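*Asks:* no FASTA, just this:
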C-alpha cells in the first residue's frame, strides 16, 4: 500500500461522476468536459478523472460564475 492511499483494503474508489453539469446546456466546453469525465470514468483512469473534474470546476467558476460543490467523500 502506498502512503497516499487511505487505510482499508488498499484501494481507493473515486466518487461517482455527476450525470450532467446543471445549468450549462448549450455550452460547448461544458459538453466537451463532461464527455472527458465520462470517458475517464469508463476507462477507470483516475488521473484523467481528477483532471477532468478540476477542469470542470475551473470552467464553471470562470465562465459561468458558479462554484460546484466538491464530490462527496467516501
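*Replies:* That came through fine. Treat the numbers as computed from the prediction; the structure is a model and nothing was measured.
*Asks:* what is the mean pLDDT for stretch 58-67?
*Replies:* Stretch 58-67 carries an average pLDDT of 86.
*Asks:* what stretches of the chain score poorly on pLDDT?
*Replies:* 1-24, 69-74 (pLDDT under 70).
*Asks:* ok, which stretches of it are strands?
*Replies:* Assigned by DSSP state E, the chain shows no strands.
*Asks:* what are the ranges of the helices in it?
*Replies:* Shown for the chain, the helices assigned by DSSP state H span residues 28-42, 46-64.
*Asks:* now mean neighbour count too, for those helices, in CSV please.
*Replies:* Just so you know, the C-beta spots here come from the backbone N, C-alpha and C atoms, and that holds for glycine as well. Shown next, in CSV, are those (neighbours: other C-beta atoms under 10 Å):
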stretch, mean neighbour count
helix 28-42, 16
helix 46-64, 15
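*Asks:* right, and residue 63 touches residue 29 too?
*Replies:* Yes: with contact defined as C-beta atoms under 8 Å, residue 63 and residue 29 form a contacting pair (7.1 Å).
*Asks:* quick one, what contacts residue 35?
*Replies:* Not one residue lies near residue 35 by C-beta atoms under 8 Å, 6 or more residues apart in numbering.
*Asks:* mind checking how far it is from residue 65?
*Replies:* Noted for residue 35: a distance of 23 Å to residue 65, by C-beta to C-beta, to the nearest Å.
*Asks:* try residue 58
*Replies:* For residue 58, the distance to residue 65 equals 13 Å [C-beta to C-beta].
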